[in-house]
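Peer 1: need coordinates for the below:
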Amino acid sequence: MDPHLLRTYVTVARLASFSAAARTLGYTQSAVSQHIAALEQDLGAPLLTRRPVAPTAAGERLLEHAGPLLLRLEAARADVVRMAAAPDQGLTLATSATALTSATALTTAALAALPSAGVTLRVLARDEVPAAVAAGTADVGLVDGLAAPSDPLRLPDVAPLTTYGVGEEPVGVLLPAGHPLARRTGLRLDDLADARWIDAPDTGLPLPQLRAANGGHGFRPAVRYDGTDVSVLAALAAAGHGLTLLPRSATAHAPGTVAVPLTAPRVVHRVELVHAGTPTGAARALVAALSPRV
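Peer 2: Residues are numbered from 1 along each chain as shown. Down below sits the predicted model:
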């Protein structure tokens, strides 16, 4: 299966338009149509309906495979390029919002100790961090999530990646200051399953992780926030739009809220350092500075 044809198919399916895909990819519309026809002939199945443009059942199944396949190809290319790159090319660090908040002191000290090569910091959605490292658009990543103490995070299987724990801290339920539970000294997760929650997958700790920790049920979202600004999430909680779970460090400056520690189950906010291959230059120095922490 030709990866160029596969990329064209994914773009057409995502944009639901042959002409829009042609503009995005820099091809003629005729070339895009030829790519799709060649891929359908290769696989022996129609992948798209034309009016409207939408994946068939076979096309939907191919989309499930396409993302990981294309990412693996990008990861392989990035790994080879990384080996030949100059050691003083600078550093790009990809991180989720709460991973950066939780590891700020460690990361700031580590970055300050690096050589004078330029540093680029990219705040991404959680699931995008491992993908950015695998594809070579970031040299090193910081990922985070909910875990039992000392347990590693379960990361997407995007490519062979190396991870190190760099920090763990308690978590707290962020409540409006006037909330009936704000005076509690601790809260159990199963007591909050039917509360109103803010679904903020890239800022607060994701609701699917809370659901999994509670036996797979509860935690219906009342509001969704598709952003990476922790202060905006805190403002939503303060205004009573729903509860959210955050690492302790992220609740320190959240006006109008109270963070009540989560006492059961026994879980922590864990941050891990992620890299691919053998880091060099500034990336190697950062990995060396952060990797022995846990």
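Peer 1: CA only for contacts and neighbour counts going forward, please
Peer 2: Fine.
Peer 1: count of neighbours near residue 136?
Peer 2: Residue 136 has 22 neighbouring residues, counting by other C-alpha atoms under 10 Å.
Peer 1: do residue 118 as well
Peer 2: By the measure other C-alpha under 10 Å, the count of residues near residue 118 is 12.
Peer 1: is it in contact with residue 111, as I believe?
Peer 2: No - under the criterion of C-alpha atoms under 8 Å, residue 118 lies out of contact with residue 111, with a separation of 10.2 Å.
Peer 1: only the buried residues of the helix or strand of the chain with the lowest mean pLDDT, if you could.
Peer 2: Least confident element among the helices and strands of the chain, by mean pLDDT, DSSP states H and E: helix 104-112 (a mean of 74). For helix 104-112, the neighbour count (16 or more other C-alpha atoms under 10 Å) marks 107, 110-111 as buried.
Peer 1: same check, this time on stretch 250-262
Peer 2: Going by neighbour count (16+ other C-alpha under 10 Å), the buried part of stretch 250-262 is 250-251, 254, 256-262.
Peer 1: from those residues, which two are the most distant?
Peer 2: Across the buried residues of stretch 250-262, no pair lies farther apart than 256 and 262, at 19.1 Å, counting by C-alpha to C-alpha.
Peer 1: without its sequence neighbours, what residue ends up closest to the residue nearest to the spatial centre of the chain?
Peer 2: Nearest to the geometric centre of the chain sits residue 126, at 1.6 Å (C-alpha atoms, centre = their mean). The spatial neighbour of residue 126 that comes closest, neighbours along the chain excluded (C-alpha to C-alpha, 6 or more residues apart in numbering), is residue 96 at 5.2 Å.
Peer 1: just residue 210 next, same as before
Peer 2: Using C-alpha to C-alpha, 6+ apart, the closest residue to residue 210 is residue 219 (7.3 Å).
Peer 1: what ranges do the helices span in the chain?
Peer 2: Listed in chain order, the helices of the chain (DSSP state H) span residues 3-15, 18-25, 29-43, 57-84, 97-102, 104-112, 128-135, 207-213, 230-238, 281-290.
Peer 1: need these in TSV (columns: distance to residue 270).
Peer 2: Formatted as TSV, the entries for the helices of the chain read as follows, by distance: least, C-alpha to C-alpha, whole Å:
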stretch	distance to residue 270
helix 3-15	33
helix 18-25	38
helix 29-43	43
helix 57-84	25
helix 97-102	8
helix 104-112	13
helix 128-135	15
helix 207-213	13
helix 230-238	17
helix 281-290	14
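Peer 1: go through these and find the least confident stretch.
Peer 2: For the helices of the chain, the weakest mean pLDDT is recorded on helix 104-112, namely a mean of 74.
Peer 1: now the angle between helix 281-290 and that helix, please.
Peer 2: Computed with axes from the mean of the first three to the mean of the last three C-alpha atoms, to 10 degrees, the direction of helix 104-112 lies at 140 degrees from that of helix 281-290.
Peer 1: how far is helix 104-112 from where the chain is centred?
Peer 2: Relative to the mean C-alpha coordinate of its chain, helix 104-112 is positioned 21 Å out (C-alpha atoms, centre = their mean, to the nearest Å).
Peer 1: tell me what it is packed against?
Peer 2: Packing contacts for helix 104-112, counted by 3 or more C-alpha pairs under 8 Å, 6 or more residues apart in numbering; DSSP states H and E, involve helix 281-290.
Peer 1: got phi/psi on the residue nearest to residue 126?
Peer 2: Here the main-chain torsion angles of residue 96 (degrees, to the nearest 10) amount to phi -80, psi 160.
Peer 1: which ones are touching it?
Peer 2: By C-alpha atoms under 8 Å, 6 or more residues apart in numbering, the residues touching residue 96 are 123-126, 129, 142-144, 202-203, 228.
Peer 1: closest one of those to residue 16?
Peer 2: For those, the minimum distance to residue 16 (C-alpha to C-alpha) is 24.2 Å, reached by residue 125.
Peer 1: that closest one and residue 228 touch, don't they?
Peer 2: Yes - applying C-alpha under 8 Å as the test, residue 125 and residue 228 come out as touching, 7.2 Å apart.
Peer 1: between those two, which contacts overlap?
Peer 2: Each of 96-97, 202 lies in contact with both residue 125 and residue 228 under the rule C-alpha under 8 Å, 6+ apart.
Peer 1: what's the neighbour count on residue 166?
Peer 2: Burial measure for residue 166: 23 neighbouring residues, criterion other C-alpha under 10 Å.
Peer 1: pretty sure it sits against residue 269.
Peer 2: No - between residue 166 and residue 269 there is no contact under C-alpha under 8 Å: 11.1 Å.
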